[in-house]
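> Could you work out the structure for the sequence below:
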Amino acid sequence: MMSFSAGYSSKRSVLLGSLLRRFRTAVTGACIGVAFLFAGMLQAAEIRPEQALIAVGNWLRHTRQRPLATPLNRSADSVQSICDEQGRALGHVVALQDGGFVITGADDAVAPIISFAAKGDFPSDPKHPLCAILQRDLPRRQAGAERRRANPATRQSAGAMDHAAQWQALLTPWENTRGGLDIPDDLRVGPLLQSAWGQGGFNIYSDDGERILIPVFAYYTPHNYWSGCVATAGAQLMRFHEYPDSTKPVEKLTKECKVDGVPQALTMFGGIYDWANMPLKPNAGTIKSQRRAIGKLCYDVAVSVEMAFASEVSLANMQSLTESLCDTFHFASAKHFWCGSEQGDADCITETVYYRDMLLSNFDAGYPVAVGLGGDGGHALVGDGYGFHGGRLYVHLNMGWEGQFDAWYNLPTVEIDGYFIFTVFDELIFNVFPDFNGELISGRVTDMAGQPLAAVAVTAQDAATRAVVAEATTNERGIYALKIPAPAQGAYHVRATFRGAAEMTTVDGIVDSNDYNVINPAENDIRVAIGSRWGVDFQLAPLPFLYTVTNETVSITGYDNGPADVIVPATLEGLPVVAIAAGAFQGLDALTSVVLPDSVASVGVDAFADCLNLQSITFGRGLTELGEGALQNCPALAGIVVPSENDAFALDAAGVLFSHDFSALHRYPPARGGDSYELPATVRAIQPYAFDGCAELSTLTLPAGLEAIGDVAFGDSGFTEFVFPGAPPTLGAAPFPTAAVVRCYENNAAWDDIKTFGGCPVEKIAVFHSVSFALGDKGRTEPEDEDLLTQQVRHGTAATAPAVITDSPWVFSSWDADYSVVLGDMTIHARYAYQRKLDLVAGWQVVGLNLVPDEACVKALAAEKLLHYDAVGTAFVRPAGVASDYAPGRAYWLFRQEAGGTLTLRGDLVEASSLLPSAPGWHFVAVVADCAGLPAGITDAWQWCDGRYVRATALASGEGYWLYCLEEKQ
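Below is the predicted model of the structure:
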């Protein structure tokens, strides 16, 4: 296996010294013309330094200096060319102001942006891992470009044309791009490591210029030699996981290392590592206890891999680190991959699917990966994030160089001779899991427009056993990672479910990854088993409803990019939708209508608040709970629909929402129209925000029995006055508009000593009651008295009655109520009496009563000489002169010596039928209703008329008759 160095190599120094040539040029306003640039591009494939400088400047403007969420400074006027031994440019490095750099290709058939870093100058030190990557990557990119140009069959390949098109776009003047190019920028996983560790320490200088080393990572190494890049990579992985923890102390092992080439047994510190005392970004001022804590970890990792320590370079191999992570530091899993060339040297990983499955699935799951690259001495670093920029894959590399030069690097997949693909890495340590042993299946979930979907539930089901073995949820970038426990064998059904949409795919061939994976063509040794999978992506068309599932029921929690007219489904995922959660639709201005299904039982607090264009909402039959402020600040709300089958809510004729028994008013639709409203007398409570936003409503009649007013019940309304006829109700917070006045009646003792109410001043007002005089259909009044029919009367005073005019036979009698002291609203009805006058003659005449005589009539009858026939005693009887002697249905004989005068009969009419005789024999009676013939049971009728009896065949009301009843029936 290849060893990796972090120190100086003379051979590599000579090589990189020839690769790096600095080229500077000052760019002024008219120095380089656009026609000149494009002419150069058309005539040759070379990208010159000044072109690279312009392209990077435009690229920064197009990306707003934040590619893959990495803030970059503006480009400077300095460009550095990277050349081969023949002086041919392989790439360019554009320095950024205040630190950072961008590496570009030097050929229009090579990707424009190869790498970029936010901090530091481009490393001139040939020992730096970025230089090693470029040393092997750039020549191969250039060779591929030249090979494609030489071969007509590949000259117009999609990749080559794409590179050239991007170069041309980046060299187009900014002002000609109409505001910028749309460069797709898709950060999948940001840098996971926050640590900026290295291999040695930090240098400070004394006043006389002497260099003093402050050891950190090499605190405990022999002679403070570098800890080695392999140890630094391993230590950063362990610091990221903060593992092993205090429950897993590390054994003090003794290993055979080398110091300056001489074997030496070194013993680890072991025990427990003080993670909290290890700063992520140490510096020269880091206190000694923290430097010791970091140094202990780096030393133990270095000893565990049997590091060869030296003054300029410390060497170890990555396979040893793989073994140490599991065997020494108690990690549950760590897998190794190595690829060699046909000559047996370290070579690049040849199968694209391998490194994507190993690298990217780990990044998706939040696990960094140790990366090794061969060459003279080699290097180890950590990959900890990835994304796609301009359609190309970039991986974030933590160089292990105290945070300097950490960069995003475009991993190439360059075809050579059409047979193989190379990348820049030789070795990987992947699936580094502290407490899990298994494989990863990862991917991304997007909507149909390609936008990432968060909170998507993803499961993996063993295709053989049907058991769900892993579950995950996508993050805000739509990324998920399923942890498939070992043993991982066969096929797995991966299912993504989100807001009523679901998709399933089967991932075949999942196996447990080999602990050690080898591709060594020189020895015909190929042992590769990679079980993790990346790129198991889904595209869903979810319903616009966000929701949660609890106890087999669904609650709607939000609404995303759906129609303005919302129809909430009764079921989602086959489960009933029972609730609209608090704030679920709050602030969605686009909503115009909402229809709730019968299954919804509750609507939460502020559920539809601030929906400024919501015009109507329809309740279902099952709704029983409406949260506080659920419909607040909905100024366009004009209609609320409640089905008659709903037992919790009801509407009045004006469309106002009440509890079913009308004891609580929940919501007055602010856009209903009208300037006045009278609350039903049954209302005891006005709920919070009930009249919120009712700007046009100015007059409100409150019931006397009102007991409670909720929070902000009249917020943003047009009311300026509130008159309370009853006792003060309990109040919520800020119930009234700030400019309103509260008024009560002066006779209401419950308001005594109350000066302010709900933040409003209290004024007492005189009490007036409405008094109405109802004349009925028998009377009328003079025009000048019509205003008296309905009048406002001050409390405790008398009302004024109108004069009543009648027509015969009716006369006004009295009013049915006393209005001399008015204490409340009254409706007073007129009473009328029936009146007829009887002319008196000399001698005997018959007087019949068809009414209940009033007091005056009784007195008039008592003054006359009357006789009444008693049918039981068969004798005439003189009345005693009391009211009971003068009953309707009786007939009387009246005797006068002389004729003259009239007898006025007045009283209340009574209904007939029951006043006719029923006993057999003769009866002397008066009838109270006209009869066209003789009633049943009456066989004979005689009437006294003009001094003689006359047989009667019909009966007239008020007349007296002798009637003969044959048998005992009416």
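> Now do the helices in this structure.
10-19, 34-43, 49-62, 129-150, 152-155, 158-170, 229-241, 288-304, 318-327, 352-355, 361-364, 855-862 (DSSP state H).
> Would you mind measuring from the residue nearest the centre of the chain to residue 106?
Centroid check for the chain by CA atoms, centre = their mean gives residue 558 as the closest residue, at 3.6 Å. Using CB to CB, to the nearest Å, one obtains 50 Å as the distance from residue 558 to residue 106. Every C-beta, even on glycine, is put in place using the N, C-alpha and C of the backbone.
> just residue 172 next, same as before
In terms of CB to CB, residue 172 sits 19 Å off from residue 106.
> and those two? which has more neighbours close in?
Taking other CB atoms under 10 Å, residue 172 and residue 106 do not tie; residue 106 has more neighbours (25 against 17).
> Give me the distance between the residue lying closest to the more buried one once chain neighbours are set aside and residue 497.
Nearest residue to residue 106 in three dimensions, chain neighbours excluded: residue 89, at 4.0 Å (CB to CB, 6 or more residues apart in numbering). Noted for residue 89: a distance of 52 Å to residue 497, by CB to CB.
> quick one, which of those two is more surrounded?
residue 89 (21 against 18).
> And the pLDDT for that one?
Listed pLDDT for residue 89 reads 93.
> got it, and residue 921?
Taking residue 921 on its own, its pLDDT is 87.
> Would you mind confirming that it makes contact with residue 965?
Yes. In this structure residue 921 lies within contact range of residue 965 using CB atoms under 8 Å: 6.4 Å.
> Which residue of those two possesses the greater neighbour count?
Neighbours per residue, other CB under 10 Å: of residue 921 and residue 965, the larger number sits with residue 965, 21 against 13.
> how close does the more buried one sit to residue 502?
For residue 965, the distance to residue 502 - CB to CB - is 93 Å.
> ok, now residue 807?
Between residue 807 and residue 502 the computed distance is 85 Å (CB to CB).
> who has more neighbours, those two?
Per other CB under 10 Å, whichever of residue 807 and residue 502 has more neighbours is residue 502, with 15 against 9.
> Would you mind naming the residues that bridge with the more buried one?
Counting by DSSP bridges, residue 502 is bridged to residue 497.
> who's in contact with stretch 655-673?
615, 626, 631, 634-640, 642, 646-652, 654, 677, 679-680, 682-687, 689-697 (CB atoms under 8 Å, 6 or more residues apart in numbering).
> oh sorry, the question was meant for stretch 620-634
Under CB under 8 Å, 6+ apart, the answer for stretch 620-634 is 582, 596-612, 614, 617, 637, 643, 645-649, 666-667, 670, 687-689, 692-693, 710-712, 715-716.
> Recalculate using a threshold of 7 Å.
Contact with stretch 620-634 is made by 582, 596-611, 614, 637, 643, 645-646, 648-649, 666-667, 670, 688-689, 692-693, as judged by CB atoms under 7 Å, 6 or more residues apart in numbering.
> Need the mean per-residue confidence for stretch 699-709.
Rounded mean pLDDT across stretch 699-709 is 93.
> Could you export the helices of the chain as JSON lines, including distance to residue 482?
Below are the helices of the chain laid out as JSON lines (distance: least, CB to CB, whole Å):
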{"stretch": "helix 10-19", "distance to residue 482": "42"}
{"stretch": "helix 34-43", "distance to residue 482": "47"}
{"stretch": "helix 49-62", "distance to residue 482": "36"}
{"stretch": "helix 129-150", "distance to residue 482": "31"}
{"stretch": "helix 152-155", "distance to residue 482": "39"}
{"stretch": "helix 158-170", "distance to residue 482": "32"}
{"stretch": "helix 229-241", "distance to residue 482": "20"}
{"stretch": "helix 288-304", "distance to residue 482": "30"}
{"stretch": "helix 318-327", "distance to residue 482": "22"}
{"stretch": "helix 352-355", "distance to residue 482": "18"}
{"stretch": "helix 361-364", "distance to residue 482": "9"}
{"stretch": "helix 855-862", "distance to residue 482": "102"}
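> how about a markdown table for those, with distance to residue 948 and mean neighbour count added?
Shown next, in a markdown table, are the helices of the chain (distance: least, CB to CB, whole Å; neighbours: other CB atoms under 10 Å):
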| stretch | distance to residue 948 | mean neighbour count |
| --- | --- | --- |
| helix 10-19 | 156 | 15 |
| helix 34-43 | 141 | 13 |
| helix 49-62 | 130 | 23 |
| helix 129-150 | 147 | 20 |
| helix 152-155 | 146 | 11 |
| helix 158-170 | 133 | 18 |
| helix 229-241 | 134 | 27 |
| helix 288-304 | 142 | 24 |
| helix 318-327 | 142 | 22 |
| helix 352-355 | 136 | 18 |
| helix 361-364 | 126 | 27 |
| helix 855-862 | 25 | 16 |
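> okay if I get those helices as TSV plus distance to residue 932 and mean pLDDT?
Formatted as TSV, those follow (distance: least, CB to CB, whole Å; pLDDT from 0 to 100):
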stretch	distance to residue 932	mean pLDDT
helix 10-19	135	31
helix 34-43	120	33
helix 49-62	109	94
helix 129-150	124	83
helix 152-155	123	54
helix 158-170	112	78
helix 229-241	114	97
helix 288-304	124	98
helix 318-327	121	97
helix 352-355	113	64
helix 361-364	105	98
helix 855-862	28	90
